[in-house]
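Chemist: below are the sequence and a predicted model; questions follow.
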Amino acid sequence: MSLTLFTGFVQATVLQRPVTLDTGRGELFGSLLLPKSDNPVPVVLILSGSGPTDRDGNNPDGGRNDSLKRLAWVLAKHNVASVRFDKRGVAASLAATPDERNLTVDAYVADAVAWGNKLKADPRFGPLILLGHSEGALIATLAAPQVDAAGVISLSGSARPIDQVLRQQLAQRLPPPLMLRSNQLLDSLKAGHTDDNVPAPLQVIFRPSVQPYLISLFRQEPAKAFAKLTMPALIVQGSNDIQVQVDDAKRLKAAKPDAQLALIEGMNHVLRIVPNDVKRQLASYKDPNLPLAAELGSRILEFIDGLRTR
């Protein structure tokens, strides 16, 4: 399928194609947006966030907002290709790991590296940029050195170990008895031990089948991994994000001082300009028609343009 887009006075034809990757441990399914060009174009590998979040940025538990799909089209309109894919165990890639007890951070990183190598070997593409949203920012950070990416973009990514983020988020919404049990579960998982005694209200986060993945996730130290990156990096964070704090972005910047930092006033976790009002925030997670924050696209494209001239 190809679509003709008009951006200003420039006519751009964008090819939209399904793409697959045989990992040897299951097949992964994704979407390619490729602007028609006589020369190789930069390509962004987009890595989605935590849980069953699909290639478009949608989560069955949180609703449809199409955040990553819309971002891919912003890139395409400005002559930047992208591939976004369903993680193993999610949506079209469910069969690659149907039992979530077998999911690990290492497996997600290996998949990102395999996609990256596939894109680097394709003559239609120029520089490879890894862009991760939320938990995907950690995966991008860990995968980028292995695939020798030209650049890394951390979009709403945490600098702290994820168990610390969960403690903070849960403290704001759980009554004291459940918070006590939640902290006990976090302590156990941080120490590498599963715990099947999970109260019903905590099952969505700590169900026994997801605990092996959480153990692998809690071992990671995002800021330390980010500090090891040798390629150019961009940190993007919204001021109205109710899941990840501006302080996380500042910590990532401190870990890698040569990284670019873009703090976007009013942007939330699903990349829209939304006031700090709980009802309007939650509504935005389920509204695919809300436009992305305009500054988001301009800052990312500016970063990619800088890579073209390196």
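Modeler: It's in. Residues are numbered from 1 along each chain as shown.
Chemist: could you find the closest non-adjacent residue to the residue nearest the centre of the chain?
Modeler: Nearest to the mean C-alpha position of the chain, by CA atoms, centre = their mean, lies residue 133 at 2.3 Å. In space, residue 133 comes closest to residue 155 once its chain neighbours are excluded; the distance is 4.6 Å by CB to CB, 6 or more residues apart in numbering. For every residue, glycine as well, the C-beta is placed using N, CA and C.
Chemist: average model confidence for the helix or strand hosting residue 295?
Modeler: Assigned by DSSP states H and E, residue 295 belongs to helix 294-308. Here helix 294-308 scores 95 as its mean pLDDT.
Chemist: and stretch 51-70, which residues are buried?
Modeler: Judged by neighbour count using 16 or more other CB atoms under 10 Å, the buried positions of stretch 51-70 are 51-59, 62, 64-70.
Chemist: and it, end to end?
Modeler: End-to-end distance for stretch 51-70, by CA to CA, to the nearest Å: 20 Å.
Chemist: can you give me how far it is from the chain middle?
Modeler: Computed by CA atoms, centre = their mean, to the nearest Å, the chain-centroid distance of stretch 51-70 equals 10 Å.
Chemist: can you tell me what sits against it?
Modeler: Here stretch 51-70 makes contact (CB atoms under 8 Å, 6 or more residues apart in numbering) with 30-31, 46, 48-49, 71, 84-87, 89-92, 133-134, 204, 270-272, 284-288, 290-292.
Chemist: hmm, 7 Å instead?
Modeler: By CB atoms under 7 Å, 6 or more residues apart in numbering, the list of residues contacting stretch 51-70 from outside reads 30-31, 46, 48, 84-86, 90-91, 133, 270-271, 284-288, 292.
Chemist: name the helices or strands packed onto the longest strand along the chain?
Modeler: Using DSSP state E, we find that the single longest strand of the chain is strand 10-22. Applying 3 or more CB pairs under 7 Å, 6 or more residues apart in numbering; DSSP states H and E, one finds that strand 10-22 contacts strand 2-7, strand 27-35, helix 105-120.
Chemist: and the next helix or strand past the longest one?
Modeler: Past helix 105-120, further along toward the C-terminus, the next helix or strand under DSSP H and E is strand 125-133.
Chemist: quick one: list the elements packing against that following strand.
Modeler: Against strand 125-133 (3+ CB pairs under 7 Å, 6+ apart) you get strand 41-47, helix 105-120, helix 135-147, strand 151-155, helix 294-308.
Chemist: can you redo these as JSON lines with mean neighbour count?
Modeler: Formatted as JSON lines, those follow (neighbours: other CB atoms under 10 Å):
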{"stretch": "strand 41-47", "mean neighbour count": "26"}
{"stretch": "helix 105-120", "mean neighbour count": "20"}
{"stretch": "helix 135-147", "mean neighbour count": "25"}
{"stretch": "strand 151-155", "mean neighbour count": "28"}
{"stretch": "helix 294-308", "mean neighbour count": "17"}
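Chemist: if we can go back for a sec, any idea how far the residue nearest to residue 133 lies from residue 75?
Modeler: Distance, residue 155 to residue 75, by CB to CB, to the nearest Å: 12 Å.
Chemist: just to be sure, residue 57 is in a helix?
Modeler: No - checked against DSSP: H, G, I helix; E, B strand; the rest coil, residue 57 lies outside a helix; its state is coil.
Chemist: give the contact list for the residue nearest to the centre of the chain.
Modeler: So residue 133 contacts 47-49, 57, 68, 155-156 (CB under 7 Å, 6+ apart).
Chemist: before we move on, back to that, the residue nearest to residue 133 against residue 137, yeah?
Modeler: Yes - when contacts are counted by CB atoms under 7 Å, residue 155 is listed as touching residue 137 (6.1 Å).
Chemist: coming back round to it: please indicate which of the contacts of stretch 51-70 are buried?
Modeler: With burial judged by 16+ other CB under 10 Å, the buried subset of the contacts of stretch 51-70 is 30-31, 46, 48, 84-86, 90-91, 133, 270-271, 284-285, 292.
Chemist: what's the farthest-apart pair in the residues you listed?
Modeler: Within those, 30 and 284 form the most distant pair, 25.1 Å apart (CB to CB).
Chemist: how many neighbouring residues does residue 207 have?
Modeler: By other CB atoms under 10 Å, the residues close to residue 207 number 13.
Chemist: and it, how far from residue 73?
Modeler: Distance, residue 207 to residue 73, by CB to CB: 35 Å.
Chemist: what are the bridge partners for the residue nearest to residue 133, then?
Modeler: residue 133, residue 236 (DSSP bridges).
Chemist: spit out the contact partners of it.
Modeler: Residues in contact with residue 155 (CB under 7 Å, 6+ apart) are 131-133, 137, 236.
Chemist: could you redo the last one with a cut-off of 10 Å?
Modeler: Counting by CB atoms under 10 Å, 6 or more residues apart in numbering, residue 155 touches 46-47, 49, 67-68, 71, 131-134, 136-137, 140, 234-238, 244, 262, 269, 271, 296, 300.
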